[in-house]
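# one predicted model, sequence on top.
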Amino acid sequence: MFTITTTIDCYLLPEDGAAAKQRFLDHLQDPHDMWIIAYSFTLMPMIDEIVKNSSPPGMIHIYLDLSQSRGTAEKPQVQRLIDAGVEVTIGTSPAGLSFITHTKGIVCNDTPVPWCWEGSVNFSESGWMQVNTAMVFNDKTWRDNFVAQFDTLRDYAWTNERADQLMKAPPSGVTIGTPNAAAPAKGGSKKAGSKKADSKKSASKSTGAKAGSKKTDATKSEKLAAKKSSKTKPTSKKASK
């Protein structure tokens, strides 16, 4: 946790959607280093602006949620960014591969104070018309912590989720560590639990079937014994003779 003291311009969407969207797009022309962490990344004017400002390379750093980047709308746009030389890392959360990246934030190395964007609005066409929030402010402490988290996420993804990357090689500055063996594969925990449950169900059915079979055999034996007994036992009428 950390604390910042600054002045914040606040937008409540959809009422402020048009103004917030325009301010967002305008700042993508920023000539300074820029870091972006995003869940959805499909806003075409945003993609166009980033591609247009992709030179010199290495100025724009993007971290995108894995689940969204695999979608039919987003995947070709991500590839378009990479083809233009933009650094894009795809990943989940260091808390576990089944958790998403849900931040919608940007920081830029503006001078004299970094420019920051944070909110709930997705970087998509419909996000500005939904009920969302957006905040714009300038703060060095926020920039420092945001970039530090970005670097941690990027290192984690290139270490543990290398197969999900569309870039051929890690970006400059990435530290490849030891893969986190403790992190379950995506959906692995659920599958394992399912198999275990299926095993228990099968065992229960098998036990129930055996029990039912034993009960049936016992009933048959009892009926057979009763039948034999009735044949051999003299009736009360014969006894009186």
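Right, received. Where do you want to start?
# what's the domain layout of the chain?
9-164, 188-228 (automatic domain parsing).
# what about this structure, any weak spots by pLDDT?
In the predicted model of the chain, residues 181-241 satisfy pLDDT under 70.
# hmm, try it at 90
Low-confidence segments of the chain (pLDDT under 90): 53-58, 97, 180-241.
# would you turn the domains of the chain into CSV with distance to Val174 and mean neighbour count?
Where C-beta positions appear, they are placed from N, C-alpha and C, glycine not excepted. As requested, the domains of the chain are exported to CSV (distance: least, C-beta to C-beta, whole Å; neighbours: other C-beta atoms under 10 Å):
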stretch, distance to Val174, mean neighbour count
domain 9-164, 5, 18
domain 188-228, 25, 10
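# surely Ile8 meets Ala134?
No. Ile8 is not in contact with Ala134 according to C-beta atoms under 8 Å; the separation is 10.2 Å.
# could you look up the SS state of Thr7?
coil (DSSP: H, G, I helix; E, B strand; the rest coil).
# quick check: Trp158 is in a helix.
Yes. When three-state DSSP is applied, Trp158 is found to be in a helix.
# let me see the contact set for it.
89, 165, 170, 174, 176 (C-beta atoms under 8 Å, 6 or more residues apart in numbering).
# give me the phi and psi for the residue nearest the centre of the chain.
Centroid-nearest residue in the chain, with C-alpha atoms, centre = their mean: Ile100, separated by 2.5 Å. Taking degrees, to the nearest 10, you get phi -90, psi 170 for the backbone angles of Ile100.
# got a list of what it touches?
Going by C-beta under 8 Å, 6+ apart, the list of residues near Ile100 reads 39, 65-67, 92-93.
# okay, it and Tyr39: tell me how far apart.
From Ile100 over to Tyr39 the distance is 7 Å, taken as C-beta to C-beta, to the nearest Å.
# what do you get for Pro112?
31 Å.
# same check on Ala157?
Counting by C-beta to C-beta - Ala157 and Tyr39 are separated by 15 Å.
# same question for Leu25.
Taking C-beta to C-beta, one finds Leu25 at 18 Å from Tyr39.
# Arg143 now?
With the distance defined as C-beta to C-beta, Arg143 ends up 20 Å from Tyr39.
# same question, Lys104
Applying C-beta to C-beta to Lys104 and Tyr39 gives a distance of 6 Å.
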